[in-house]
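Sequence plus predicted model, see below.
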Amino acid sequence: QVYLVESGGGSVQAGGSLRLSCKAPRTITSVFNPSPMGWYRQAPGKQRDLVAQISNGGRTDYADSVKGRFTISRDNARKTVYLQMNSLKPEDTAVYYCLHADSMSWGQGTQVTVSS
């Protein structure tokens with residue numbers, strides 16, 4: 001298991017921006033770096049869905065609903081993955097989780113609330 005800590009969530013108005021971070025403070029880089037990382041979100045009463053993912057080489061994929069607005073990136077030296085969220089919409093409201101794919105480890109989640 002990889003211990004992951006998300007941060008950066010909060011409440012913003014529609015059109016605003018947030019930057020989420022996911023750190024793996026207790027993991028050595030040889031475990032963190034090779035793994036794809038993902039950001040998922042779960043709204044109340046709904047399933048957890050993929051938002052964005054990034055390979056160890058930096059290739060990225062996005063859900064259609066966030067393309068052009070969200071950007072995933074990673075800093076392997078800091079064992080951290082980021083999610084820059086721009087032009088936020090009320091439908092982006094959810095708890096956001098990061099995933100270390102190789103170990104299937106999840107963080108505790110961070111709440112994002114977007115008001116209209």
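Perfect, I can see it now.

what ranges do the helices span in the chain?
Along the chain, the stretches classed as helices by DSSP state H are 29-32.

and the residue nearest to Arg78 when sequence neighbours are not counted, bridged to which residues?
Spatial nearest neighbour of Arg78, chain neighbours left out: Lys23 (7.3 Å); criterion: C-beta to C-beta, 6 or more residues apart in numbering. In this view, the C-beta of every residue, glycine as well, is placed from N, C-alpha and C. Beta-bridge partners of Lys23, counted by DSSP bridges, are Val5, Thr80.

what about Lys23, how many neighbours?
Taking other C-beta atoms under 10 Å as the criterion, the count of residues near Lys23 is 20.

so it touches Leu4, yeah?
Yes: look at Lys23 against Leu4 with C-beta atoms under 8 Å: they come within range, at 7.2 Å.

Give me the helix or strand of this protein that scores worst on average pLDDT.
Ranked by mean pLDDT, DSSP states H and E, the weakest helix or strand in the chain is helix 29-32, scoring a mean of 87.

For that helix, which outside residues touch it?
With contacts defined as C-beta atoms under 8 Å, 6 or more residues apart in numbering, helix 29-32 is touched by 2, 24, 76-77, 79, 100, 102-103.

which residue is nearest the centroid of this protein?
Within the chain, one residue has its C-alpha closest to the average C-alpha position: by C-alpha atoms, centre = their mean, that is Trp39, at 3.2 Å.

show me the residues around it that make contact.
For Trp39, the contacting residues are 20, 22, 50-53, 72, 81, 83, 96-99, by C-beta under 8 Å, 6+ apart.

same deal with Gly58?
Arg74.

contacting residues for the nearest residue to Thr27 once chain neighbours are set aside?
Counting by C-beta to C-beta, 6+ apart, the nearest residue to Thr27 once its immediate chain neighbours are dropped is Val2, at 5.0 Å. Under the criterion of C-beta under 8 Å, 6+ apart, the neighbours of Val2 are 24, 26-27, 31-32, 100, 103, 105.
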